[in-house]
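Engineer: what's the 3D shape of this:
(one chain, ligands or ions: 1)
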Amino acid sequence: MCGIVGYIGTQQAAPLIVSGLKRLEYRGYDSAGVCIISDSGLRIEKKAGRVAALEKFVDIDSLSGTVGVGHTRWATHGLPNDVNAHPHTDQSGSIALVHNGIIENYVTIKKKLLNAGYTFRSETDSEVLAVFIGMLYDQLNDVELAVRTALSEVEGTFGLVVVSTHEPDMIIAARRGSPLILGIGNGEYLVASDAAAVIAHTRQVVYLNENEMAILRRDGFTTKTIENVKTRSVVEEVSFELEQIEKGGFEHFMLKEIFEQPTTFHDGFRGRLQIEEGTVRLGGLTSVVDKLRAAKRIIITACGTSWHAALVGEYLIEHLARVPVEVEYASEFRYRNPIINSDDIVIAISQSGETADTLAAIREAQLKGATVLGMVNVVGSTIARETDAGVYLHAGPEIGVASTKAFTSQLCVLTQFALYLGRMRALSAEQGREIARELALIPEHIRTILRGADEVRRIAHEYSSVSNFLYLGRGFNFPAALEGALKLKEISYIHAEGYPAAEMKHGPIALIDDNMPVIFIAPKDEIYEKVLTNIQEVRARSGKVIAIADEEDEYIASIANHVIRIPRTLPMLTPILASIPLQLLAYYIAVERGCNVDMPRNLAKSVTVE
Ligand code: G6P
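Structural biologist: Residues are numbered from 1 along each chain as shown. Modelled structure (predicted):
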């Protein structure tokens, strides 16, 4: 959610922290702030708005000091204004912290502090924690002990970095439910909520574990549990390159990520797909093969775009492996005491691997004895580490808040998983070969679609000022319709709904008039004719039809206002191809409307709070 960067070393901390914050802005961007330990005490500057607003407000280079922390916020408690921005300090102004997460019992702690005469400037739960640590410091005279004591009393989640003038050559970082990474340099250390902020300085990182904290000094660091038991840390290498988190000549990250899909999709099956054997090698699942063979049911849990991928996964797995699948919103699954048997497989799908609800859902499933698998993009993320086994998406870092390439990579991995499971069961080698062959052709098909981006841009231009959109699809493409509508909503703020095409007549048809564009995903599959009937029903009510159809479908042009072509493939793979023009359409419409495509209002890339 929020972005955190801390630094201790020999360089000027402020510019380094601010450039790290810019790389983390996709995690939250409603306010930003820094705190530097200067000769005269803590120097704190914070401002509502983007990091650029902070830079405009204060000359970052004038903040002198080699130890500090910074933060970009996604507001939970209190408006996104200057006062609520982080860092927050204790009463004396000698201890400052930045915090990602939610302190659930902050009201109780705040009451105690108010009774003891402490006062507060902001509406945030994070300031309560800062003041609490300050009060404990007054009693214990030890910053680390004060932090540990406070953290043992708080309920909720935190990724936390503390600096203090009492210990000007030390940074404390701690995590529970919110990721933190240490960047290991030479005589210098960084701490960040995301590897993107450290990679310009070092590729060597340590992922802090749950309930772990780190004490960083210029000459070394130690890790321990919040209960003060020493831990061993493993230094790992970041797996992506700096250029992967830069725009590379594209106007927006989202557009770059859309255009990366021929490569990222290919990376999702490279070394896995065994075309001649008609099967898939998924090394990450070797330890659970017996469980997969014996599985009676699969439950897939996820949020947002990943939940849409899960729905396609349900169709794929049931179709190819004939195993019953249920798809659950993670936020619902975690609280409804789900019935789980020990021969169930629970799969968590997540781009970030940090989504709080998805994480809680897998913990619930593990508690109830299920085998839990992860399909995750971010290497080393919490979900990747807490699941029993899994398959990485290999889509590379996704910076645009609206997920694009991670979605198609999720479909790539889900198709392979369904094929893998199917081949363990009734699917023949010949059937497997056909699917594998077609899957291997998808990157080329995506390239073909991307070559037609200008046509999608023209359609976007025509519809950029409408207020509503309807997206309809059937079978495998019902979830693709949901995802298309979500993309448009997220970045253009146009109201859009996705529906199974045949459901249109049970409600949405009432909305159709000559102002209503309706997108039909209509590849030539076994329900193609039915979809044509739905198109006619829209035309009969003067609705505008934009059809996504097969290259060689000549008929559809006679009944649709616009046709966007996708190459012919197996019906089960059409949602992958249909998603590409839908991403482009949402992108071009949002750009026409002047929206901030990469950082849409109110959203965040990685939702680490409930
Ligand atoms: C946020 C993002 C969405 C994403 C969802 C799930 O809402 O804005 O783009 O689909 O979280 O995230 P995950 O990282 O678990 O896939």
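Engineer: surely residue 545 and residue 560 touch.
Structural biologist: Yes - at 4.3 Å, residue 545 counts as touching residue 560 under the criterion of C-beta atoms under 8 Å. Placement of C-beta: from N, CA and C, glycine included.
Engineer: any common contacting residues for these two?
Structural biologist: Jointly contacting residue 545 and residue 560 under the rule C-beta atoms under 8 Å, 6 or more residues apart in numbering are 520, 535.
Engineer: between those two, which one's more packed in?
Structural biologist: residue 560 (24 against 21; other C-beta atoms under 10 Å).
Engineer: need the contact list for the more buried one.
Structural biologist: By C-beta under 8 Å, 6+ apart, the contact list for residue 560 reads 520, 535, 545-547, 549.
Engineer: narrow the residues you listed to those in helices?
Structural biologist: When the contacts of residue 560 are checked against helices (DSSP state H), the matches are residue 535.
Engineer: hmm, residue 26 is touching residue 599, no?
Structural biologist: Yes - between residue 26 and residue 599 there is a contact at 6.6 Å, judged by C-beta under 8 Å.
Engineer: what residues are shared contacts of those two?
Structural biologist: Shared contacts of residue 26 and residue 599 (C-beta under 8 Å, 6+ apart): residue 401.
Engineer: list the contacts for residue 227?
Structural biologist: 148, 152, 211.
Engineer: ugh, wrong one, I meant residue 368
Structural biologist: 338, 340.
Engineer: if I look at it, how far off is residue 348?
Structural biologist: 14 Å (C-beta to C-beta, to the nearest Å).
Engineer: go on, residue 374?
Structural biologist: Distance, residue 374 to residue 348, by C-beta to C-beta: 5 Å.
Engineer: overlap in contacts, the two.
Structural biologist: Common contacts of residue 374 and residue 348, defined by C-beta under 8 Å, 6+ apart, comprise 362, 383, 387.
Engineer: all strands for the stretch 351-500 of the chain, in order.
Structural biologist: 371-376, 389-392, 468-473, 495-500 (DSSP state E, counting those that start in this stretch).
Engineer: of all the residues in the last one, which ones are buried?
Structural biologist: This means strand 495-500. By 16 or more other C-beta atoms under 10 Å, the buried positions in strand 495-500 come out as 496-500.
Engineer: ditto for the first one
Structural biologist: Within strand 371-376, the residues that count as buried by 16+ other C-beta under 10 Å are 371-376.
Engineer: tell me the one of those residues nearest the ligand?
Structural biologist: The ligand has its nearest neighbour among the buried residues of strand 371-376 in residue 376, at 8.2 Å by C-beta to the nearest ligand atom.
Engineer: my read is that that closest one contacts residue 355, right?
Structural biologist: No - counting by C-beta under 8 Å, residue 376 stays clear of residue 355, with 10.0 Å between them.
Engineer: tell me the contacts of the closest residue to the ligand within the stretch 101-250 of the chain?
Structural biologist: For the stretch 101-250 of the chain and the ligand, the shortest gap (C-beta to the nearest ligand atom) falls at residue 179, measuring 11.7 Å. By C-beta under 8 Å, 6+ apart, residue 179 lies in contact with 159, 193-194, 207-208, 354, 381-382, 608.
Engineer: just the ones in helices from these, please.
Structural biologist: Among the contacts of residue 179, the members falling in helices (DSSP H) are residue 382.
Engineer: between the contacts of residue 179, which sits nearest residue 58?
Structural biologist: Using C-beta to C-beta, residue 193 comes nearest to residue 58 of the contacts of residue 179, at 22.3 Å.
Engineer: where does the record place the domain boundaries for the chain?
Structural biologist: Split into domains by automatic domain parsing, the chain comes to 3-238, 247-450, 452-597.
Engineer: can I get those domains in CSV with distance to residue 604 and mean pLDDT?
Structural biologist: Output for these, formatted as CSV (distance: least, C-beta to C-beta, whole Å; pLDDT from 0 to 100):
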stretch, distance to residue 604, mean pLDDT
domain 3-238, 4, 95
domain 247-450, 7, 96
domain 452-597, 11, 95
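Engineer: whichever residue of the stretch 51-200 of the chain sits closest to the ligand: what's it in contact with?
Structural biologist: Nearest residue of the stretch 51-200 of the chain to the ligand (C-beta to the nearest ligand atom) works out as residue 74 at 10.5 Å. By C-beta under 8 Å, 6+ apart, residue 74 lies in contact with 1-2, 27-30, 604.
Engineer: in the chain, what residue comes closest to the ligand?
Structural biologist: residue 304 (2.7 Å).
Engineer: correct me if wrong: that residue contacts residue 401.
Structural biologist: No - the criterion here is C-beta under 8 Å, and residue 304 misses it with residue 401 at 10.3 Å.
Engineer: which neighbours do the two have in common?
Structural biologist: Common contact partners of residue 304 and residue 401 (C-beta under 8 Å, 6+ apart): none.
Engineer: and the strands in the stretch 201-350 of the chain?
Structural biologist: Going by DSSP E, counting those that start in this stretch, the stretch 201-350 of the chain shows strands at 204-207, 212-217, 220-225, 236-237, 273-274, 279-280, 297-302, 325-329, 344-350.
Engineer: nearest to residue 395, of these?
Structural biologist: The nearest among these, by C-beta to C-beta, is strand 344-350 at 12.0 Å.
Engineer: and the closest one, what does it pack against?
Structural biologist: strand 297-302, helix 304-321, helix 356-367, strand 371-376, helix 405-424 (3 or more C-beta pairs under 8 Å, 6 or more residues apart in numbering; DSSP states H and E).
Engineer: does it come close to the ligand?
Structural biologist: Yes - for strand 344-350, a contact with the ligand is found by C-beta under 6 Å from any ligand atom, at residue 350.
Engineer: could you check the angle that strand makes with strand 371-376?
Structural biologist: Inter-element angle recorded for strand 344-350 and strand 371-376: 20 degrees (by axes from the mean of the first three to the mean of the last three C-alpha atoms, to 10 degrees).
Engineer: now the angle from strand 344-350 to helix 405-424?
Structural biologist: Using the same axes, to 10 degrees: strand 344-350 against helix 405-424 is 160 degrees.
Engineer: check which residues of strand 344-350 are buried.
Structural biologist: Using 16+ other C-beta under 10 Å as the burial criterion, the residues of strand 344-350 that qualify are 344-350.
Engineer: equivalent analysis for stretch 46-66, please.
Structural biologist: For stretch 46-66, by 16+ other C-beta under 10 Å, it's 46-51, 54-55, 58, 60, 63, 65-66.
Engineer: repeat for stretch 382-395
Structural biologist: Neighbour counts over stretch 382-395 (16+ other C-beta under 10 Å) mark 382-384, 386-395 as buried.
Engineer: cool, stretch 161-175 as well?
Structural biologist: For stretch 161-175, by 16+ other C-beta under 10 Å, it's 161-165, 167-168, 170-175.
Engineer: ok, and which of those reach the ligand?
Structural biologist: Okay, of those, nothing touches the ligand (C-beta under 6 Å from any ligand atom).
Engineer: now stretch 214-234: buried residues?
Structural biologist: The neighbour-count check on stretch 214-234 (16+ other C-beta under 10 Å) flags 214-216, 218, 221, 223-224, 226, 233 as buried.
Engineer: for these, give me CSV that also has distance to residue 420.
Structural biologist: What follows is the buried residues of stretch 214-234, written out as CSV (distance: C-beta to C-beta, whole Å):
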residue, distance to residue 420
214, 39
215, 45
216, 43
218, 49
221, 41
223, 37
224, 41
226, 40
233, 35
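Engineer: tell me which two in the residues you listed are the farthest apart.
Structural biologist: Farthest-apart pair in these is 218 and 226; separation 23.6 Å (C-beta to C-beta).
Engineer: which strands and helices sit next to the helix ranked longest in the chain?
Structural biologist: Ordering each helix of the chain by length in residues (DSSP H) puts helix 429-451 first. On a contact count with 3+ C-beta pairs under 8 Å, 6+ apart, helix 429-451 meets helix 261-269, strand 273-274, strand 279-280, helix 405-424, strand 562-566, helix 574-592.
Engineer: output the ones you listed as a markdown table; include the columns distance to the ligand.
Structural biologist: Listed next are the helices and strands packed on helix 429-451 as a markdown table, based on distance: least, C-beta to the nearest ligand atom, whole Å:
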| stretch | distance to the ligand |
| --- | --- |
| helix 261-269 | 15 |
| strand 273-274 | 23 |
| strand 279-280 | 22 |
| helix 405-424 | 7 |
| strand 562-566 | 23 |
| helix 574-592 | 12 |
